[in-house]
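> have a look at this fold, sequence not included:
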């Protein structure tokens, strides 16, 4: 189910910037910036280091989406339609 078909998913990310906020990067961040932010946050949020497994899962999802150029383009296009 896509975010267009799932209103709950759209409510969870009302402005389409949730993944950027999760990683703590700007919308125009480079792949290098995204990777660096992911690694820094992963160290703190990893369950083996006492972090919350749900928060770590959200971090991984954000990284996987924004690090892949195709997935990032789809996410950004979907986010643009939300605004």
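Happy to help now that I have it. Remember, predicted model here, so these are calculated numbers, not experimental data.

> buried set for stretch 64-72?
Within stretch 64-72, the residues that count as buried by 16 or more other CB atoms under 10 Å are 65-66, 72. In short, each C-beta sits where N, CA and C put it, glycine included.

> inside helices: which ones of those residues?
In helices, defined here by DSSP state H, the members of the buried residues of stretch 64-72 are 65-66, 72.

> now those residues as CSV including distance to residue 58?
Compiled in CSV, these are given as follows (distance: CB to CB, whole Å):
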residue, distance to residue 58
65, 11
66, 12
72, 16
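
> so which of those comes closest to residue 37?
Nearest to residue 37 among those is residue 66, at 9.4 Å by CB to CB.

> residues in contact with that closest one?
By CB atoms under 8 Å, 6 or more residues apart in numbering, the contact set of residue 66 is 19-20, 23, 25, 29, 34, 72, 75.

> any weak-confidence spans in this protein?
Applying pLDDT under 70 to the chain flags the ranges 1-12, 82-83.

> and the helices in it?
Assigned by DSSP H, the helices in the chain fall at 7-12, 18-23, 31-45, 53-67, 69-82.

> deepest in the core, which of those helices is it.
helix 18-23 (a mean of 20; mean count of other CB atoms under 10 Å).

> and it, what does it pack onto?
When contacts are defined as 3 or more CB pairs under 8 Å, 6 or more residues apart in numbering; DSSP states H and E, helix 18-23 packs onto helix 31-45, helix 53-67.

> switch the cut-off to 10 Å
Here helix 18-23 touches helix 31-45, helix 53-67, helix 69-82, going by 3 or more CB pairs under 10 Å, 6 or more residues apart in numbering; DSSP states H and E.
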